[in-house]
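Enquirer: When you get a sec, could you give me coordinates for this:
(2 chains)
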Protein chains: 2
Amino acid sequence: MNRLRIVLIGAGNVATHFAFALKKSNHKLVQVYSRNITNAQELALKINAKAINDITHIEQNADLYMIAVSDNAIETILSSFDFSHKKVIHTAGSVPLNIFPPDISNAGILYPFQTFSKKRTINFREVPLCIEANNPEFENFLLDLSSQLSDNVQMVNSDKRKYLHLSGVFACNFVNHLYYIAGNILEEQTLDAKLLFPLIKETAAKIESLSPLQAQTGPALRNDTKSLKKHLDLLTLKPEYREIYKWFSEQIFKTSAKQNKI
Amino acid sequence: MNRLRIVLIGAGNVATHFAFALKKSNHKLVQVYSRNITNAQELALKINAKAINDITHIEQNADLYMIAVSDNAIETILSSFDFSHKKVIHTAGSVPLNIFPPDISNAGILYPFQTFSKKRTINFREVPLCIEANNPEFENFLLDLSSQLSDNVQMVNSDKRKYLHLSGVFACNFVNHLYYIAGNILEEQTLDAKLLFPLIKETAAKIESLSPLQAQTGPALRNDTKSLKKHLDLLTLKPEYREIYKWFSEQIFKTSAKQNKI
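Expert: Numbering: from 1, shown residues only, chains lettered A, B, ... in the order given. A predicted model of the protein is given here:
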């Protein structure tokens, strides 16, 4: 694959990590677009690209246009510029292929199944990249490009991709909120939230050798009603936490009971 | 510290991991007790101890008695054998120091804040060991012993320890159940649950450099109502998942909104 000249539309977490990975694979990011010029400049500076905040200034002859903006902004981008004879992709989990107008000759998706924060460097080679395209040639093009960036490239159509995104919300965003609650409980007791680190790491590491059903431990699994009651008592002043504690405890017990019957 | 002769009461996940760590630090496990002799034998064989299932056969002259059984069984153990002039500890997060009868001269707790499964080997040196004792000499004894096993030893009293345990249920058991749900959603779509591994690992790894509030991403944080609605629609046939999806999305948005106001 030749060195591509790429226009990056978006300057958020996903755009930033793609920009670094593409640059590392020797592709040329020519422009970074963001509504907010400061955001565009911040990223553009790091990858030696031009920052723009006027969509009509997008250059006409790039080899690839990558739209990495929030889900709801994709349609606006697509209607503000004529992408008809170009190669265009977006990076969103929940937005289907048919969002692209039919006159776009090469349209596709390159969905990275990972959580990105600007402040974290991550090993992009381990990020699952999920591909879909509106024709076989462009699919091959995206396969080649993705294989340069990651060792984990998958074909995933729009219908499955939305479930993939949904599962990620459970395994990442909701999990992260549980970390928040756990840290909160400790800090209120003037205990150091860092005490959680080894537990959180091991809980995550377990899933590579045990299924979540095999890995489960704790009072809910054992239906240890005395401990469950004690915990609910500690949460008297936190009705939301009590509610969620009950929900998980019931579900964990039900799931393991169902499993034991099989 | 001399080589201790230790009686281990319990043969479950916690007992097993303590047994290996104690043996590695050159202590002698003399007996392993379990109601179920097969369980006792399975562990005893690995650490060259004697398996027993009759509590009255516990030997009288051990240097330390470690009770690592389920919370509800601790009282039964304590009432079935005369520990009065011995050194006795339990390993439970939610069971206070005053569970020990006052005639026990040296009573304490050595609570490992980690999730243990027999099939996983873990680096015990990273496990936070939380100590409490009924007198300063025994506290020092437990500090010395714990420091041989782990680089992360903390003094935590009964009142704080129960909150620590509670936080662990959120950060480990409930998190693991979210992994289960996420895997379930993928498997129903014939997608490989392994796709989740990099995301789960990175979500956990993030907390060492970003607070959960800084690390949060996803549609709920952005209050992306369109994506939230799409996800709820995918869960039409899963009322429990819908319920929990709504709860987390509301909480994530509320938490970040509160934070932004500060």
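
Enquirer: Could you chop chain A up by domain?
Expert: For chain A, automatic domain parsing gives the domain ranges A:5-156, A:162-261.

Enquirer: okay, how far is it across the longest one, tip to tip?
Expert: The first and final residues of domain A:5-156 sit 26 Å from each other (C-alpha to C-alpha, to the nearest Å).

Enquirer: my guess is A:Glu243 meets B:Phe248, correct?
Expert: No: using C-beta atoms under 8 Å, A:Glu243 is not in contact with B:Phe248, being 11.6 Å away. Where you see a C-beta, it was placed from the backbone N, CA and C, and this is true even at glycine.

Enquirer: For the two, indicate the residue with more neighbours.
Expert: B:Phe248 (22 against 12; other C-beta atoms under 10 Å in any protein chain shown).

Enquirer: which SSE is the more buried one in?
Expert: Element membership of B:Phe248 [criterion: DSSP states H and E] is helix B:239-261.

Enquirer: quick one, helices of the stretch 51-200 of chain A?
Expert: Remark: helices assigned in the stretch 51-200 of chain A by DSSP state H, counting those that start in this stretch are A:74-80, A:136-149, A:158-168, A:175-188, A:197-206.

Enquirer: got JSON lines for the ones you listed, with mean pLDDT, mean neighbour count and distance to chain B too?
Expert: Converted to JSON lines, those look like this (pLDDT from 0 to 100; neighbours: other C-beta atoms under 10 Å in any protein chain shown; distance: least, C-beta to the nearest C-beta, whole Å):
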{"stretch": "helix A:74-80", "mean pLDDT": "95", "mean neighbour count": "15", "distance to chain B": "10"}
{"stretch": "helix A:136-149", "mean pLDDT": "98", "mean neighbour count": "17", "distance to chain B": "13"}
{"stretch": "helix A:158-168", "mean pLDDT": "97", "mean neighbour count": "22", "distance to chain B": "4"}
{"stretch": "helix A:175-188", "mean pLDDT": "97", "mean neighbour count": "22", "distance to chain B": "4"}
{"stretch": "helix A:197-206", "mean pLDDT": "97", "mean neighbour count": "22", "distance to chain B": "4"}
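
Enquirer: which residues touch A:Thr203?
Expert: A:215, B:115, B:171-172, B:175-176, B:204 (C-beta atoms under 8 Å, 6 or more residues apart in numbering or on different chains).

Enquirer: List just the nearest of those residues to A:Ser146.
Expert: A:Ser146 has its nearest neighbour among those in B:Ala204, at 25.1 Å by C-beta to C-beta.

Enquirer: Would you check that the closest one makes contact with A:Lys201?
Expert: Yes: contact status for B:Ala204 versus A:Lys201: in contact at 5.6 Å, counting by C-beta under 8 Å.

Enquirer: Name the residues that touch stretch A:233-250?
Expert: Looking at stretch A:233-250 with C-beta under 8 Å, 6+ apart, the contacting residues turn out to be A:181, A:185, A:219-220, A:228, A:231-232, B:162-163, B:166, B:169-170, B:173-174, B:177, B:240, B:243-244, B:247, B:251.

Enquirer: mind redoing it with 6 Å?
Expert: Stretch A:233-250 is contacted from outside by A:220, A:228, A:232, B:166, B:174, B:177, using C-beta atoms under 6 Å, 6 or more residues apart in numbering or on different chains.

Enquirer: ok, now how distant is the fourth one from chain A?
Expert: According to C-beta to the nearest C-beta, to the nearest Å, B:Leu166 and chain A sit 5 Å apart.

Enquirer: That residue touches A:His231, doesn't it?
Expert: Yes: using C-beta atoms under 6 Å, B:Leu166 is in contact with A:His231, at 5.1 Å.

Enquirer: Need the residues touching each of the two.
Expert: Both B:Leu166 and A:His231 lack any common contact, where contact means C-beta under 6 Å, 6+ apart.

Enquirer: which regions of chain A sit below the pLDDT cut-off?
Expert: The model of chain A has pLDDT under 70 over residues A:261-262.

Enquirer: For A:Asn152, the count of nearby residues, please.
Expert: 20.

Enquirer: Nearest residue to it in space, please, no chain neighbours.
Expert: A:Pro128 (4.5 Å; C-beta to C-beta, 6 or more residues apart in numbering or on different chains).

Enquirer: That neighbour and A:Ser150 touch, don't they?
Expert: No: assessed by C-beta under 6 Å, A:Pro128 is found out of contact with A:Ser150, at 7.3 Å.

Enquirer: So what's the residue count around the nearest residue to A:Glu75 once chain neighbours are set aside?
Expert: For A:Glu75, ignoring the flanking residues on the chain, the nearest one in space by C-beta to C-beta, 6+ apart is A:Ile99 at 6.5 Å. Using other C-beta under 10 Å, A:Ile99 has 16 neighbouring residues.

Enquirer: The nearest residue to A:His85 once chain neighbours are set aside and chain B: what is the separation?
Expert: Spatial nearest neighbour of A:His85, chain neighbours left out: A:Ser105 (5.5 Å); criterion: C-beta to C-beta, 6+ apart. Using C-beta to the nearest C-beta, we find A:Ser105 at a distance of 28 Å from chain B.

Enquirer: Just give me the neighbour total for A:Ser105.
Expert: 15.

Enquirer: Alpha carbons of stretch A:175-189, as CSV, please.
Expert: Output in CSV follows, covering the C-alpha atoms of stretch A:175-189 (Å, rounded to 0.1, in the frame of the first residue of the first chain):
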residue,chain,number,x,y,z
VAL,A,175,-17.5,-1.0,34.6
ASN,A,176,-15.7,2.3,34.9
HIS,A,177,-18.7,3.7,36.8
LEU,A,178,-18.5,0.8,39.2
TYR,A,179,-14.8,1.7,39.8
TYR,A,180,-16.1,5.2,40.5
ILE,A,181,-18.6,4.0,43.1
ALA,A,182,-16.0,1.7,44.7
GLY,A,183,-13.5,4.5,45.0
ASN,A,184,-16.2,6.8,46.4
ILE,A,185,-17.0,4.3,49.1
LEU,A,186,-13.4,4.1,50.1
GLU,A,187,-12.7,7.8,50.0
GLU,A,188,-15.7,8.5,52.3
GLN,A,189,-13.9,6.2,54.8
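
Enquirer: distance between that stretch and the chain's centre?
Expert: With C-alpha atoms, centre = their mean, to the nearest Å as the basis, stretch A:175-189 stands 22 Å off its chain's centre.

Enquirer: Other residues contacting it?
Expert: Contacts for stretch A:175-189 (C-beta under 6 Å, 6+ apart): A:193, A:196, B:160, B:163, B:166-167, B:170-171, B:174-175, B:178, B:203, B:207, B:212, B:215-216, B:248, B:252.
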